[in-house]
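[1] A predicted structure for the sequence below; I have some questions about it.
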There are 2 protein chains.
Amino acid sequence: MDKLTIGAQPLMFPMPTVLVGSNVNGKANYMAVAWVGVANMAPPMLCVAINHVRHTYKGIEENGTFSVNIPSAKQLVETDHCGMVSGAREDKSAVFETFYGKLKNAPLAKECPVNVECKVFQKVDCGSHVLVIGQIEEIHISPDCMTGGHPDISKVDPIIYSFGDSGYWKVGEKIGKGFSAGRSYQKK
Amino acid sequence: MDKLTIGAQPLMFPMPTVLVGSNVNGKANYMAVAWVGVANMAPPMLCVAINHVRHTYKGIEENGTFSVNIPSAKQLVETDHCGMVSGAREDKSAVFETFYGKLKNAPLAKECPVNVECKVFQKVDCGSHVLVIGQIEEIHISPDCMTGGHPDISKVDPIIYSFGDSGYWKVGEKIGKGFSAGRSYQKK
């Protein structure tokens, strides 16, 4: 069956759903973002695509720091709310209980099981969005999301965001292990 | 319950599992990658973190193009194989059936339900890895992965890669819709 061509679209499967946090005029603000991923191993970095005009971006410019908070499915309503409403229009500082870590001005959402503190490493203007690359300074995680000393995706219960239907999905069953499943590959 | 601090690690939940393709000396090569995401909306861009020494990276340098192929759970064995074995050591050109699209030198893996053609926009040296930002030129998708004119994550059946256990997981149940689930939020 031949494939369809659907033109250039900002597509990825699956995408994460995170809350990017920054302090704007000293007040915590959180924004829902799906365009985020790991950018580097050593030192560890994340990158996140943010529209220039976003309220959250003002805070990143102001402080040179930001947070990436990974909500669990339990925080779905609060997370989507932070994607629907701009901090320029509505004070979102009370949507989550905020705490601070190593960086003193990157707000962390307590209810989210994982919080990543980032310091801006580089910003790349890509057109509509700025790709903000942040060096990870510290990670905070709920003790009940650990298994054998490692973060456990099934306990974090993160939210997948899907291109196409703009839907939120849960993580399903485990089907294999990296650097292991491929052992049964047989040359064609 | 207080959170644990686990130091700086290249963590994200969930991560995608894709195959980055490039032609090295005119031969298709595919590499499994989890550090990939959307980088820009207009024009649409992706970014992918690749170690400088990778065989795939040589092809990206050679041509200024690459592909991002999204495998379904059905391609788990082939995908993990492409993450275990370097193209410098073993010819991986026959792991998938290769076709070409708009760009004539970005190899596309036919068995994967989604293929994204990219032209290098910018490269950022982040330390161990180069963050390659690519402008999306065309997307190819299996017709049976569309619903109502849009790509459907449940039909694509992509593979999630998880930090911590290096596991592969499937997408589970749908729990909400973007710009909708947040409507039931009530101010605290």
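    It's in. Numbers count the residues shown, from 1 in each chain, chains lettered A, B, ... in the order given.
[2] ok, residues contacting stretch A:139-154?
    A:101, A:108, A:113-117, A:155-156, A:171, A:174, B:1-9, B:11, B:13-14, B:160, B:162-165, B:167, B:169 (CB atoms under 8 Å, 6 or more residues apart in numbering or on different chains). Bear in mind the C-beta positions are built from the backbone N, C-alpha and C, glycine included.
[3] Quick check: end-to-end length of it?
    Start-to-end span of stretch A:139-154 (CA to CA, to the nearest Å) is 18 Å.
[4] Could you do stretch A:11-29 as well?
    So stretch A:11-29: terminal residues 27 Å apart, CA to CA.
[5] right, is stretch A:52-70 up against chain B?
    Yes: Stretch A:52-70 is in contact with chain B by CB under 8 Å from any CB of the partner chain, via A:Val68, A:Ile70.
[6] Would you mark the buried spots in that stretch?
    Buried residues in stretch A:52-70, counting neighbours by 16 or more other CB atoms under 10 Å in any protein chain shown, are found at A:54-60, A:63-70.
[7] Next: stretch A:135-148.
    Within stretch A:135-148, the residues that qualify as buried are A:Gln135, A:Ile136, A:Glu137, A:Glu138, A:Ile139, A:His140, A:Ile141, A:Ser142, A:Cys145, A:Met146, counting by 16+ other CB under 10 Å.
[8] Mark which of those residues are part of strands, please.
    If you go by DSSP state E, these have A:Gln135, A:Ile136, A:Glu137, A:Glu138, A:Ile139, A:His140, A:Ile141, A:Met146 in strands.
[9] can you tell me how far the third one sits from A:Ser72?
    When CB to CB, to the nearest Å is applied, the distance between A:Glu137 and A:Ser72 equals 23 Å.
[10] Ok, the first one next?
    To A:Ser72, A:Gln135 is 25 Å away according to CB to CB.
[11] Equivalent analysis for A:Thr79, please.
    Counting by CB to CB, the gap from A:Thr79 to A:Ser72 is 9 Å.
[12] the more surrounded of those two?
    Of the pair A:Thr79 and A:Ser72, A:Thr79 is the one with more neighbours under other CB atoms under 10 Å in any protein chain shown, namely 33 against 20.
[13] for the residue nearest to that one when sequence neighbours are not counted, what are its contacts?
    Nearest non-adjacent residue to A:Thr79, counting by CB to CB, 6 or more residues apart in numbering or on different chains: A:Pro71, 4.6 Å away. Contact analysis of A:Pro71 by CB under 8 Å, 6+ apart lists A:Thr17, A:Val18, A:Leu19, A:Glu78, A:Thr79, A:Ala109, A:Glu111, A:Cys112, A:Pro113, A:Pro158, A:Ile159.
[14] Can you tell me the closest non-neighbouring residue to the first one?
    Translated: A:Thr17. The spatially closest residue to A:Thr17, leaving aside those adjacent along the chain, is A:Ile159, at 3.9 Å (CB to CB, 6+ apart).
[15] What is the burial count for the one you found?
    Counted with other CB under 10 Å, residues neighbouring A:Ile159 total 30.
[16] Could I get the contacting residues of it?
    A:Ile159 sits next to A:Pro16, A:Thr17, A:Pro71, A:Ser72, A:Ala73, A:Gln75, A:Leu76, A:Thr79, A:Tyr168, A:Trp169, A:Lys170, B:Ile175 when contact means CB under 8 Å, 6+ apart.
[17] give me that answer again for 6 Å
    A:Thr17, A:Ala73, A:Tyr168 (CB atoms under 6 Å, 6 or more residues apart in numbering or on different chains).
[18] Any idea what A:His129 is bridged to?
    In this entry, A:His129 is beta-bridged to A:Asn51, by DSSP bridges.
[19] got it, and A:Asn115?
    Beta-bridge pairing for A:Asn115 (DSSP bridges): A:Asn69, A:His140.
[20] before we move on, back to that, among the contacts of stretch A:139-154, which ones are buried?
    Among the contacts of stretch A:139-154, those classed as buried by 16+ other CB under 10 Å are A:101, A:108, A:113-117, A:156, A:171, B:3, B:6, B:8-9, B:11, B:13-14, B:160, B:162-165, B:167, B:169.
[21] In strands, which of these appear?
    Using DSSP E, those in strands are A:Leu108, A:Val114, A:Asn115, A:Val116, A:Glu117, A:Val171, B:Ile160, B:Ser162, B:Gly167, B:Trp169.
[22] Now do the contacts for the first one.
    Counting by CB under 6 Å, 6+ apart, A:Leu108 makes contact with A:Ser67, A:Phe99, A:Gly101, A:Asn115.
[23] Show me the shaky parts of chain A.
    Applying pLDDT under 70 to chain A flags the ranges A:1.
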